[in-house]
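> No sequence on hand, only this structure:
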Ligand code: TYD
């Protein structure tokens, strides 16, 4: 639980439509009179955005799983200190595009080339030591990985390092998010991200309503 604001994270595979849906929920909440901070990971603060470029650009094998884990945590700590904590302390709703669950799922998943992922116990221990914050609500958008990847490549740009990791990898990511939702039913909600944007937005509003209406 957060101090006074509300911390909501959007998670899911690449191209699942998180970013669009986050913006829609933000607009709805602002229309209802709430202060909303929209942010994303990796990034969300100037130092963390510098680290984003290091982890998302370049060759798929550029970083080992553990080096990558440390970079994501460095970025997250900076984001927490400069953006998330101050916003929660003044009572805002923070909507964050990816957070620690992405690290739990992506950095523990082995790579397409057979490189094993980081040890899940290390991922968890590091999170508890240097971050120690869990969302009030985590919306996990699930979409068939092939559809999601097509959307990711169609978007283009330099940030294709994770999209290049292969179909098996992305199927493991989907399974990882399902397992995570099962392990944390108190805060995680699976959202069917197929179909048109309005239908997905309605599912999200329904999943978030109990929490948002209560606080
Ligand atoms: P993002 O820019 O949110 O891409 P998308 O819009 O496709 O979700 O995230 C970029 C990539 O970074 C994405 O493939 C997931 C990966 N990632 C991790 O591996 N670990 C993390 O902790 C985070 C935050 C992201």
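Yep, that arrived. Remember, it's a predicted structure, so these values are computed and weren't measured experimentally.

> List the neighbouring strands of the host helix or strand of residue 141 plus their orientation.
Using DSSP states H and E, the element containing residue 141 is strand 137-142. In the sheet containing strand 137-142, the strands it pairs with under DSSP bridges are strand 6-12 (parallel), strand 188-192 (parallel).

> is the longest one anywhere near the ligand?
Translated: strand 6-12. No - Strand 6-12 stays clear of the ligand (Cβ under 6 Å from any ligand atom), getting no nearer than 7.2 Å. C-betas here are computed from N, CA, C, even on glycine.

> ok, back up a step: any part of the strand holding residue 141 near the ligand?
No - using Cβ under 6 Å from any ligand atom, strand 137-142 stays clear of the ligand, coming no nearer than 9.4 Å.

> Could you give the separation of that strand from the chain centroid?
A distance of 9 Å separates the centroid of the chain from that of strand 137-142, by Cα atoms, centre = their mean, to the nearest Å.

> and the chain, which residues reach the ligand?
So the chain meets the ligand at 14-15, 18-19, 41-42, 56, 72, 97-98, 102-103, 106-107, 152, 162 (Cβ under 6 Å from any ligand atom).

> what is the closest residue to residue 6 other than its chain neighbours paired to in the beta sheet?
Of all residues not flanking residue 6 in the chain, residue 93 sits nearest, at 4.6 Å (Cβ to Cβ, 6 or more residues apart in numbering). Counting by DSSP bridges, residue 93 is bridged to residue 6, residue 36.

> And the pLDDT for residue 93?
For residue 93, the model assigns a pLDDT of 97.

> Tell me how far it lies from the ligand.
Taking Cβ to the nearest ligand atom, to the nearest Å as the measure, residue 93 falls 19 Å from the ligand.

> Surely that residue touches residue 36?
Yes - if you go by Cβ atoms under 8 Å, residue 93 and residue 36 touch, sitting 4.9 Å apart.

> Between these two, which is the more surrounded one?
residue 93 (24 against 20; other Cβ atoms under 10 Å).

> What residues does the more buried one make contact with?
5, 6, 8, 29, 34, 35, 36, 37, 212 (Cβ atoms under 8 Å, 6 or more residues apart in numbering).

> Between those residues, which sits nearest the ligand?
Among those, residue 8 lies closest to the ligand (Cβ to the nearest ligand atom), at 15.2 Å.

> Quick check: closest non-adjacent residue to the closest one.
residue 137 (4.7 Å).

> Next, count neighbours for that neighbour.
Neighbours around residue 137, by other Cβ under 10 Å: 19.

> Return the residues in contact with it.
Shown in contact with residue 137 (Cβ under 8 Å, 6+ apart): 6, 7, 8, 9, 187, 189, 207, 208, 211.

> Grab the two from these that are most spread out in space.
With distances taken as Cβ to Cβ, the most widely separated pair in these is 7 and 207, at 15.2 Å.

> and the two? which has more neighbours close in?
For residue 7 and residue 207, the more surrounded residue by other Cβ under 10 Å is residue 7, and the numbers stand at 25 against 18.
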